[in-house]
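# show me how the following folds:
(2 chains)
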Protein chains: 2
Amino acid sequence: MTEVIDIESKFNLINEYWSPNLLGEVNDSCVKIAKFKNSFDWHSHPEEDEMFLIIKGEITIHLRDKDLHLKPGQCVIISRGVEHKPVAQAEAWVMMFEPKSTVNTGDNILSKHTKTEIPAI
Amino acid sequence: MTEVIDIESKFNLINEYWSPNLLGEVNDSCVKIAKFKNSFDWHSHPEEDEMFLIIKGEITIHLRDKDLHLKPGQCVIISRGVEHKPVAQAEAWVMMFEPKSTVNTGDNILSKHTKTEIPAI
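Coordinates of the predicted model:
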């Protein structure tokens, strides 16, 4: 079925921070949404690029050489292999485009944020 | 370079309707933006899914069996093979997520809207 997806309504179903939810699949990629708050772990995705699009709130993505500050209506593509650490001072709503295979914590095998199951929302 | 992309600023550079511009590449997919106004042609993409995310304005996507009305903050994934005809009564700003290979008019070889070059913006 081809249906309109209301992004705000979907975010309102999310209760957990840093936990990606599957909005849909487009070819070999997934559209995921997550609420960010406080600090995530440093990680990278050796084989996968990742796009972050801010829907609500503000986030900072720390890179090793600079910080990226993102507001609603802004996005960034983090290329494969680039270490990054997302942080949100207050709750932020973020849409992500990435391959189906992408694990949220990438190569950081010590992270407690790792989600291997991405529930459809 | 990993840089913040301000979507509104990019749209302000677009002067032509129905002409996709490349915002960035994420793995095997492209993030494109286009301004819609008036009526596009019926077409489908036999091998490619396509996501439309509304940034500003409103659009209707006619399908053969129903119409989808989309506002800012709403999106839809048109699966491969599904015939669709986008329409915008007034100017609308749309982000699309699709494979690099996707041609805007799909299988409609008679369309005058076809763009084979997608300039980076």
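# around chain B, which positions in chain A sit nearby?
Contact residues, chain A versus chain B (Cβ under 8 Å from any Cβ of the partner chain): A:2-8, A:23-29, A:31, A:48-51, A:55, A:63, A:68-70, A:73-79, A:82, A:97-99. Backbone N, C-alpha and C define where each C-beta goes, glycine included.
# pull out the buried members of those.
Among the residues of chain A next to chain B, the ones that count as buried by 16 or more other Cβ atoms under 10 Å in any protein chain shown are A:5, A:7, A:23-24, A:26-27, A:29, A:31, A:48-51, A:55, A:68, A:70, A:73-79, A:82, A:97-99.
# from these, which land in helices?
A:Ile7 (DSSP state H).
# using PDB, write out the CA atom coordinates for the strand ranked longest in chain A.
Across chain A, the strand with the greatest residue count (assigned by DSSP state E) is strand A:84-99. The C-alpha trace of strand A:84-99 is given here as PDB (Å, rounded to 0.1, in the frame of the first residue of the first chain):
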ATOM      1  CA  HIS A  84      31.300  11.100  14.700                       C
ATOM      2  CA  LYS A  85      29.500  11.600  18.000                       C
ATOM      3  CA  PRO A  86      26.000  13.000  18.000                       C
ATOM      4  CA  VAL A  87      24.900  15.100  20.900                       C
ATOM      5  CA  ALA A  88      21.600  16.900  21.700                       C
ATOM      6  CA  GLN A  89      21.300  19.300  24.600                       C
ATOM      7  CA  ALA A  90      17.500  19.000  24.500                       C
ATOM      8  CA  GLU A  91      15.300  16.400  22.700                       C
ATOM      9  CA  ALA A  92      15.700  16.500  19.000                       C
ATOM     10  CA  TRP A  93      14.000  14.600  16.200                       C
ATOM     11  CA  VAL A  94      16.200  13.200  13.500                       C
ATOM     12  CA  MET A  95      15.500  11.400  10.200                       C
ATOM     13  CA  MET A  96      18.300   9.200   8.900                       C
ATOM     14  CA  PHE A  97      18.900   7.700   5.500                       C
ATOM     15  CA  GLU A  98      21.300   4.800   5.400                       C
ATOM     16  CA  PRO A  99      21.600   1.200   4.200                       C
END
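# ok, what's across the strand from the residue most central in space within chain A?
Residue closest to the mean C-alpha point of chain A, counted by Cα atoms, centre = their mean, is A:Met96 at 4.6 Å. Counting by DSSP bridges, A:Met96 is bridged to A:Lys32, A:Phe52.
# ok, now how distant is it from A:Thr105?
Note on A:Met96: its distance to A:Thr105, by Cβ to Cβ, to the nearest Å, is 13 Å.
# next step: the residues of chain A next to chain B restricted to strands.
A:5-6, A:23-26, A:29, A:31, A:50-51, A:55, A:63, A:68-70, A:74-78, A:97-99.
# got the end-to-end distance for stretch A:44-59?
Terminal residues of stretch A:44-59 are spaced 17 Å apart (Cα to Cα, to the nearest Å).
# what of stretch A:60-70?
With Cα to Cα as the measure, stretch A:60-70 spans 6 Å from end to end.
# who touches the nearest residue to A:Leu13 once chain neighbours are set aside in this structure?
Closest residue in space to A:Leu13, ignoring its immediate chain neighbours: A:Ile121 at 5.7 Å, by Cβ to Cβ, 6 or more residues apart in numbering or on different chains. Applying Cβ atoms under 8 Å, 6 or more residues apart in numbering or on different chains to A:Ile121 gives the contacts A:Lys10, A:Leu13, A:Ile14, A:Asn21, A:Leu22, A:Leu23, A:Ile33.
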